[in-house]
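# Have a look; sequence and predicted model below, questions after that.
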Amino acid sequence: MASELEGYINHTVTVFTCEGRIIVGTMKGFDQTINLILEDSHERVYSTTGVEQVTLGLYIVRGDNVALVGEVDEEVDKKIDFTEIHVEPMGAVVH
């Protein structure tokens, strides 16, 4: 998996964690255990009242907590009105 992550360096990614968090930021690096370094990151907290975006800044996600990593299409992401999204929060991933 580590070799697949090289293409994401300096791109905006979304990281889904095993505990159900969704973190968006610019991937600056990673190591062999998939610890991820994100810059200018924020957490998107989905709820029935909308989406709160909590600023995190420079952030490290431990590799054992990474469930999914994907590149963000920034043009599409900018068009999304997160104030109009109302959903139930995502639960934790069960191993």
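Structure's in. What do you need?

# got the contact list for the lowest-mean-pLDDT helix or strand in the chain?
When each helix and strand of the chain is scored by mean pLDDT, DSSP states H and E, helix 2-5 comes last, with a mean of 80. When contacts are defined by C-beta atoms under 8 Å, 6 or more residues apart in numbering, helix 2-5 is touched by residues 27, 30-32, 34, 36, 69. The way it works is simple: take the backbone N, C-alpha and C, and place the C-beta from them, glycine included.

# Show me just the buried residues among those.
Those of those that meet the buried threshold are 27, 30, 34, 36, 69, by 16 or more other C-beta atoms under 10 Å.

# now, which of those residues lie within strands?
If you go by DSSP state E, these have 27, 30, 36, 69 in strands.

# Helices of the protein, residue ranges please.
Here the chain has its helices, by DSSP state H, at 2-5, 74-79.

# hey, which of those helices is tucked in deepest?
The highest mean neighbour count among the helices of the chain, using mean count of other C-beta atoms under 10 Å, belongs to helix 2-5: a mean of 10.

# tell me the contacts of residue 30?
Per C-beta under 8 Å, 6+ apart, neighbours of residue 30: 2, 5, 36-37, 63.

# Show me which of the residues you listed is closest to residue 51.
residue 36 (21.7 Å; C-beta to C-beta).

# what pairs with the closest residue to residue 70 other than its chain neighbours across the strands?
Spatially, and ignoring its direct neighbours in sequence, residue 70 is nearest to residue 14 (5.3 Å; C-beta to C-beta, 6 or more residues apart in numbering). Using DSSP bridges, the bridge partners assigned to residue 14 are residue 24, residue 70.

# Which of the helices of the chain sits closest to residue 18?
The closest of the helices of the chain to residue 18 is helix 2-5. By C-beta to C-beta, the value is 17.1 Å.
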